[in-house]
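Enquirer: Output the structure for:
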Amino acid sequence: HNGVRPDSRTFTLLLRASLASCKVKETAALLRAAFGLPGGHPSVFKPRNCSSKARLDGNSCKLCPDVVAEVLEGLAIQRGSPQLAVQLLRDLRSVPGLRVDPKLHLRLTASMTSTTAGTDPLHPW
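Expert: Below is the predicted model:
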């Protein structure tokens, strides 16, 4: 990976495969890497010693907001990881130009409370 970063399609495939494999921490790290956030997966992200804005501009790829929502919701329903999804959403809000469904935070927060109650608000059926 000498200087070559995955494109948005590759990141989408990696994220979906990681999520399907129930690899919660790896999925979160891949999503962080896609947007140049700290804690990104080491195989696709190398932090740079520069300002936060420059790092985000230089390491960010253009993932579809629907894919971001899909991954966050997938993380939220994994055992023990709704808090991770909510924190990741908070961190993603610092990414310039990323537009995520404003209701997503409510859905993720609801999944935190219902996970402790034993129900699934994202998939109530």
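Enquirer: Now for E73: which residues touch it?
Expert: 85, 104, 107-108, 111, 122 (Cβ atoms under 8 Å, 6 or more residues apart in numbering). Any C-beta I mention is one placed from the backbone N, CA and C, and that applies to glycine too.
Enquirer: Which pLDDT value goes with it?
Expert: For E73, the pLDDT comes out at 91.
Enquirer: S43 too?
Expert: pLDDT at S43 comes out at 82.
Enquirer: again, but for G36
Expert: At G36, pLDDT is 88.
Enquirer: likewise L108?
Expert: The model's pLDDT for L108 equals 83.
Enquirer: ok, back up a step: show me the contacts of E73 that map onto helices.
Expert: 85, 104, 107-108, 111 (DSSP state H).
Enquirer: picking up where we left off before, hmm, which of the contacts of E73 are the buried ones?
Expert: Neighbour-count burial (16 or more other Cβ atoms under 10 Å) is assigned, among the contacts of E73, to 85, 104, 107-108, 111.
Enquirer: how deep is the nearest residue to F11 once chain neighbours are set aside tucked in, by neighbour count?
Expert: Of all residues not flanking F11 in the chain, A34 sits nearest, at 4.5 Å (Cβ to Cβ, 6 or more residues apart in numbering). Other residues near A34 come to 30 when the count uses other Cβ atoms under 10 Å.
Enquirer: just E26 next, same as before
Expert: Count around E26 with other Cβ under 10 Å applied: 17.
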